[in-house]
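Peer 1: the sequence and its predicted three-dimensional model are supplied below.
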Amino acid sequence: MNSRRTIATLGWRKASTASPFFQPGKDAKGNKYIETSMSGFAVLRVPQINKGAAFTLKEREELHLSGLLPPAVKTQEQQIERTYRRYLAHVTPIEKYQYLRELQERNEHLYFALLSAHLEEMLPIIYTPTVGDACRQYSYMYNFPRGLSFSPDNIAQADEIISRFHLKDVRMIVATDSSAILGIGDQGYGGMGIPVGKLALYTAAGGVSPFQTCPVVLDVGTNGKDLLEDGMYLGTRQKRLVGREYMNFMEKFVKAVKKHWPQAIIQWEDLSKDAAFTVLERFRDEVSSFNDDIQGTGAVTLAGVVAACRLLGTKLSDQVFVISGAGAGGAGVAWVIREGLIREGLSREEANRRVLVLDSAGLLYKGRARMEDYKNDFAQPASVRDWAKTSDTPTLFETVVESKATCLLGLSGIPGQFSEALVRQMARNTSRPIIFPLSNPTSSCEALPVDIFEWSQGQAIVATGSPFEPVVYGGKEHFIGQGNNAFVFPGLGAGAILAGTSKVTDNMIMEGAYALADYTTAKWVKEGRIFPPVSEMRQCSVDVALRVVKQAIADGVATSDVAEHPDLESHVRNSFWQPTYPTVIPRAFGSS
């Protein structure tokens, strides 16, 4: 028996039922359509089907929409123009965020068409930094249900809940327990804003059909006193589950996903550092999954550093790295950079010596007191303790001085941590220091790019996690690259879906990083940029997805027929879902 499963595209296929209410497909000429068993008012209330005034006269007649819509038939382009004008009429970022979310719940094709046309402008609205404010205000802004919510009250029914969900062919899940949302911490049920925003990027940048995505909030409670005491709070009103209770909760969720959506990829998102590592290791061999905070952050950072090295004409192994922050993101960055150094021929021990990691107490070293187990993997020899001048543990400044660091990476979430003295020391260590203050949102950034350029006399190579305007220094405009995980995770997810991976391997993560670095090198390094503009995120995601597919095949974890395509690059590119309107036709499912 052939167990390989065919995954022809990321969107428009009829291999399985998309929903009891509608089914996408393509005719013999490749034209998109959606069959639906619904008619009349119900059609206008399903965002995957609704086209508003763009329904043709024939569609209006066949779907019993006549009299329910304005007489004029408009094109999708005209609708994009109208909705963009309305978007611009909103003043604050949070107002714009709410408008876009409401559009998404009315007309999903139009939402993604608008987003694709203005991705660079709207990315800071649908994701960081605005999504952080949306999470804080979630219970007050709530209008529409989306995705699935599990809590201690219903997790025992996870099997039944997923079986009833209206989307039946889910391939991409973003799941959060909301314990470590961006740099703002425990947001309880409000963390749902993160999976919704991430999945919007999976579609807009990674070409994953929105019909095959599902945001999930794993509401195990909250330790936020302000949330627990807020009468408007929508989440579970109890302290967070921990230990065995927490893992039992997660196991029930994963078991139900495996049963009903066996081809789904799970992206774990914004779990606290301890839970992030525990959950990733517990389930990565059981269900195809990865943690974007650990692996995605590591991959995009490695890509930026590799591009910076190519800009300088050096190698990764020429650098000495200091990483401030040892949470999920910092540890992920340390791991992937170490793997990159090993790829360049260094031994593991040599690579470890070049990657120095600090947490809130200072530099990690062997034998240091009060250090979580996972940090031991990144601990320096105990001899570095002698670098400390006033305590038992070297500070960030002492580490930069003694290690002669050439690359400084910020994932601490401490605004202003990269002081003038620290940046000037980096500039003394090397003529062209690489300095990435990567913490999100903007309010948590370790240093402002304009200050880094001033303190380094314009010599630093700078990238940030959140968007910043270009800096003019010495009469020259410097583009500030955005080390946004969205340059990697949409393509990683798309590639994993196309390959039908049984596991997301470390090699797939690394290939995603080098695909981004190679894309940037080919198109932008000669311009002095180490990340592409956000407007090229979708094009970049095609390259990432292609490399991920090839690596999945090489690693023996691809279970689809993707390797049989004679032109794999074209297949990957053509598989990306497009937000153009399909023809909507009536049909009673099951009829001939």
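Peer 2: On my side now, so go ahead. Owing to the predicted nature of the structure, the values given are computational and were not obtained by experimental measurement.
Peer 1: where in the stretch 1-150 of the chain is pLDDT low?
Peer 2: Low-confidence segments of the stretch 1-150 of the chain, defined by pLDDT under 70, are located at 1-16.
Peer 1: show me where it has strands.
Peer 2: 22-26, 32-36, 148-150 (DSSP state E, counting those that start in this stretch).
Peer 1: within its sheet, name the partner strands of the second one and how each one runs.
Peer 2: The one in question is strand 32-36. Paired with strand 32-36 in the same sheet, following DSSP bridges, are strand 22-26 (antiparallel), strand 583-586 (parallel).
Peer 1: tell me the most buried of the ones you listed?
Peer 2: Using mean count of other CB atoms under 10 Å, the stretch among the strands paired with strand 32-36 with the largest mean neighbour count is strand 22-26, at a mean of 19. Heads up, the C-betas are built off the backbone N, CA and C, glycines and all.
Peer 1: burial of residue 445, as a residue count?
Peer 2: With neighbours defined by other CB atoms under 10 Å, the count for residue 445 comes to 25.
Peer 1: quick one: it from residue 266, how far?
Peer 2: As judged by CB to CB, to the nearest Å, residue 445 and residue 266 stand 29 Å apart.
Peer 1: same check, this time on residue 161
Peer 2: Look at residue 161 and residue 266: by CB to CB, they are 16 Å apart.
Peer 1: these two: who's more crowded?
Peer 2: Neighbour comparison, residue 161 and residue 266: the larger count goes to residue 266, with 25 against 17 (by other CB under 10 Å).
Peer 1: elements contacting the one helix or strand that one maps to?
Peer 2: Here residue 266 sits within strand 265-269, counting by DSSP states H and E. When contacts are defined as 3 or more CB pairs under 8 Å, 6 or more residues apart in numbering; DSSP states H and E, strand 265-269 sits against strand 172-176, helix 193-204, helix 273-283, strand 289-291, helix 489-499.
Peer 1: any idea which of those is most buried?
Peer 2: Each of the helices and strands packed on strand 265-269 was scored by mean neighbour count; the highest is helix 489-499, a mean of 31, by mean count of other CB under 10 Å.
Peer 1: so it versus helix 193-204, what angle?
Peer 2: 60 degrees (axes from the mean of the first three to the mean of the last three CA atoms, to 10 degrees).
Peer 1: show the average pLDDT along the helix or strand that helix 489-499 is followed by.
Peer 2: Next helix or strand after helix 489-499 toward the C-terminus (DSSP H and E): helix 506-523. Average pLDDT, helix 506-523: 98.
Peer 1: next, the buried residues of helix 506-523.
Peer 2: Taking 16 or more other CB atoms under 10 Å as the neighbour-count basis, helix 506-523 is seen to contain the buried residues 506, 508-521.
Peer 1: CA atoms only for it - export them in PDB, please.
Peer 2: Extracted in PDB, the C-alpha atoms of helix 506-523 (Å, rounded to 0.1, in the frame of the first residue of the first chain):
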ATOM      1  CA  ASP A 506      16.600  21.200  12.500                       C
ATOM      2  CA  ASN A 507      18.100  21.100   9.000                       C
ATOM      3  CA  MET A 508      14.800  22.500   7.600                       C
ATOM      4  CA  ILE A 509      15.100  25.500  10.000                       C
ATOM      5  CA  MET A 510      18.700  26.100   9.000                       C
ATOM      6  CA  GLU A 511      17.800  25.900   5.300                       C
ATOM      7  CA  GLY A 512      15.100  28.500   5.800                       C
ATOM      8  CA  ALA A 513      17.800  30.800   7.400                       C
ATOM      9  CA  TYR A 514      20.300  30.400   4.600                       C
ATOM     10  CA  ALA A 515      17.500  30.700   1.900                       C
ATOM     11  CA  LEU A 516      16.700  34.200   3.400                       C
ATOM     12  CA  ALA A 517      20.400  35.100   3.600                       C
ATOM     13  CA  ASP A 518      21.000  34.000  -0.100                       C
ATOM     14  CA  TYR A 519      17.900  35.900  -1.200                       C
ATOM     15  CA  THR A 520      19.200  39.100   0.500                       C
ATOM     16  CA  THR A 521      22.700  38.600  -0.800                       C
ATOM     17  CA  ALA A 522      21.600  38.200  -4.400                       C
ATOM     18  CA  LYS A 523      19.300  41.300  -4.300                       C
END
